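> what would the 3D arrangement of this be:
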Amino acid sequence: MSNRIRILLGGALVAVLVVGAVIVFDSDGNDQKAAPSTSTSQPSTTTTTAASTLDTSTAVWPVASSSTRYAEPVDAARGFATDFVGIANPVLGEFRQGDTRSGEVDVQPFANGPVTTVLVRQLSDDTWWVLGATTTNIQVTEPAALAVATSPMPLAGTSTAFEAQVNVEIREDGNTQPLGSGFVMGGGNGDFGPFQSTLTFTAPTQEFGAIIFFTVSPEDGGILEASVVRIAFG
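Below is the predicted model:
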């Protein structure tokens with residue numbers, strides 16, 4: 001092969017490699033521009049597409065498979081109170097810092113109403129999630145957080161409520177309709193008393209869920225307060 005032919009072939013090969021390198025570079029650049037998360041119309045709520053890589057096993061709210069995310073802890077508590085617990089117009093307290101990535105927010109159904117303390121944590125995606133909730137009037141000892149739930153599920157604790165009744169629901173992730181519901185009877189009208197019962201529920205389709213203990217107003221049936229425990233299904 002002549003030197004002229006060798007030079008021409010070598011130049012063509014270099015040109016192909018250069019074009020290939022440019023194409024790969026452009027392709028990577030386009031991918032990087034398409035990847036960032038976007039924000040919803042609400043400044044404090046973030047939409048992300050990385051839910052599948054995030055460990056949300058400890059979190060009750062928001063739903064991991066949804067696009068709803070919260071940039072601020074108080075907004076996470078508000079969304080949980082309205083959309084998960086069902087408090088129509090909650091009054092939100094200030095965020096109280098715990099460690100560097102967690103804390104709590106008090107929620108009331110109205111000013112001077114009973115207090116539900118919402119436990120929040122910033123997960124690895126830097127958005128805020130709700131791990132559960134507690135209220136002084138409904139102190140749950142069973143189930144413990146992340147207990148494995150099988151039907152019938154044992155329930156135990158101490159409470160005080162109007163006519164002693166505390167309502168109970170068990171839900172799976174992504175579904176506000178309960179798998180099972182009932183009530184327990186503790187103390188009434190300011191006097192605390194123990195409760196112990198079981199709750200039967202239908203087979204879940206999700207791996208995780210929550211048990212909600214709540215009281216309602218005798219005047220309008222609105223939800224007043226709630227203790228919420230994260231569970232896993234066996």
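> contacts only, for the residue nearest to Pro114 when sequence neighbours are not counted.
Counting by CB to CB, 6 or more residues apart in numbering, Glu225 is the residue found nearest to Pro114 once chain neighbours are left out, at 4.2 Å. Every C-beta, even on glycine, is put in place using the N, C-alpha and C of the backbone. Contacts of Glu225 were listed using CB atoms under 8 Å, 6 or more residues apart in numbering, and they are 109, 113-116, 135, 137-138, 214-215.
> try 10 Å this time
85, 87, 107-109, 113-117, 133-138, 161, 166, 213-216 (CB atoms under 10 Å, 6 or more residues apart in numbering).
> mind checking how far it is from Pro204?
26 Å (CB to CB, to the nearest Å).
> ok, the residue most central in space within the chain - contacts?
The C-alpha lying nearest the average C-alpha coordinate of the chain belongs to Trp61 (CA atoms, centre = their mean; 1.6 Å). By CB under 10 Å, 6+ apart, Trp61 lies in contact with 68, 70, 76-77, 79-81, 83-85, 118, 120, 128-133, 173, 210, 228, 230.
> tell me how far whichever strand in the chain runs longest lies from the chain's centre.
Looking across the chain with DSSP state E, the single longest strand is strand 223-233. Remark: strand 223-233 is offset 12 Å from the chain centroid, using CA atoms, centre = their mean, to the nearest Å.
> and that strand, what's its mean pLDDT?
What strand 223-233 shows for mean pLDDT is 98.
> how about Glu169: what's its closest non-neighbour residue?
Closest residue to Glu169 apart from its sequence neighbours, by CB to CB, 6+ apart: Pro178 at 4.0 Å.
> residues near the one you found, how many?
By other CB atoms under 10 Å, the residues close to Pro178 number 18.
> correct me if wrong: it contacts Ile212.
Yes: contact status for Pro178 versus Ile212: in contact at 8.2 Å, counting by CB atoms under 10 Å.
> joint contacts of those two?
Joint contacts of Pro178 and Ile212 (CB under 10 Å, 6+ apart) are 168-171.
> return the helix or strand in the protein with minimum mean pLDDT.
Ranked by mean pLDDT, DSSP states H and E, the weakest helix or strand in the chain is strand 38-39, scoring a mean of 32.
> Thr82: neighbouring residues, count only.
14.
> tell me the contacts of the closest residue in space to it that isn't next to it in sequence?
Spatial nearest neighbour of Thr82, chain neighbours left out: Pro90 (6.3 Å); criterion: CB to CB, 6+ apart. Contact partners of Pro90, counting by CB under 10 Å, 6+ apart, are 77-82, 105-110, 113, 116, 118, 223.
> again with Pro73
44, 94-97, 101-105, 118, 120-122, 127-130.
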